[in-house]
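Participant: here's my sequence, what's the structure:
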Amino acid sequence: MNVIVVGAGNAGRPVARLLNYAGHTVKITDPKNIEDFHMDVQKTLRLMESEGVELDLGVFEPNLDGIDTVYLSPTVPENAPAYKIVKEANLNVFSNDDFGRLADSFIDIDIIGITGSVGKTSTTHMVTEIFRTAGYQVWICSSMTQNLVSEVIVDGIIKGIPEKSDIA
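Facilitator: As a prediction, this is how the structure comes out:
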C-alpha cells in the first residue's frame, strides 16, 4: 500500500510508524510544521523519518499522487482542507480497527489489559511482579513510560520485544 496518514498527532504517529514497519510506503501530513510540535513529538517524528516515513508537514492540502490508502486521524476537522481532499479522492480507508489488527498480527503472546480510573499503575506493578516471580519475561506496555500506550506498543514491536517476552 501507498498510504497517507492525515494528522501527525497522537493517533496518526503510531499508525504511520507501524504501517512503515509492515513494509508499506507511508507519508504523514499535518498543517503544523515540525517546530510547532512538542519536543518529544519532534523527536518521534524525526525517528519516523529516519525509519523511512515521509514527513509532509506544514501542508494544508496534501499531494495524493501515487496514494491508494488513507488513515484519517479522528481529530482532523471535517472543514480542514486535507479532510475534504482525501474524502473526495475515493481512497481505501485504513481504520483504527485495521491498526489494531495489524498491531495484533505482530504480537503472539498473551496480553493482560488493566483499565480503570484509579489504581492502574499499582495493579500493573503487582501483576508484573507476580509474573516475574513465576519466571516469566514480562513486557509492560504502559503510559508510565511514554504518553501513549499505542506508541509504546508500536515501539516495542519495532524493537522485537514481543519475541523476547512471555506475556504483556
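Participant: where are the low-confidence patches of this protein?
Facilitator: Counting by pLDDT under 70, the chain shows low-confidence ranges at 145-147.
Participant: cutoff 80 now
Facilitator: Residues of the chain that meet the criterion pLDDT under 80 lie in 143-147.
Participant: care to break it down by domain?
Facilitator: Here the domain parsing of the chain from automatic domain parsing is 2-103, 108-164.
Participant: could you say which of the ones you listed is packed most deeply?
Facilitator: domain 2-103 (a mean of 17; mean count of other Cβ atoms under 10 Å). In this view, the C-beta of every residue, glycine as well, is placed from N, C-alpha and C.
Participant: so how far is that domain off the chain centroid?
Facilitator: Taking Cα atoms, centre = their mean, to the nearest Å, the mean C-alpha location of domain 2-103 is offset from the chain mean by 10 Å.
Participant: likewise stretch 115-135?
Facilitator: The answer for stretch 115-135 is 24 Å, by Cα atoms, centre = their mean.
Participant: residues contacting it, please?
Facilitator: Contact with stretch 115-135 is made by 112, 114, 138, 140, 142, 144, 166, 167, as judged by Cβ atoms under 8 Å, 6 or more residues apart in numbering.
Participant: likewise stretch 75-84?
Facilitator: Under Cβ under 8 Å, 6+ apart, the answer for stretch 75-84 is 6, 7, 9, 11, 29, 31, 59, 60, 61, 62, 72.
Participant: nearest residue to residue 143 other than its sequence neighbours?
Facilitator: In this structure, residue 143 finds its nearest non-sequential neighbour in residue 149, 5.3 Å apart by Cβ to Cβ, 6 or more residues apart in numbering.
Participant: residues contacting the one you found?
Facilitator: By Cβ under 8 Å, 6+ apart, the residues touching residue 149 are 141, 142, 143.
Participant: who are the neighbours in contact with the second one?
Facilitator: If you count contacts by Cβ under 8 Å, 6+ apart, residue 142 has them with 121, 124, 149, 152.
Participant: can you check residue 19 too?
Facilitator: Counting by Cβ under 8 Å, 6+ apart, residue 19 makes contact with 1, 3, 5, 26, 71, 94, 102.
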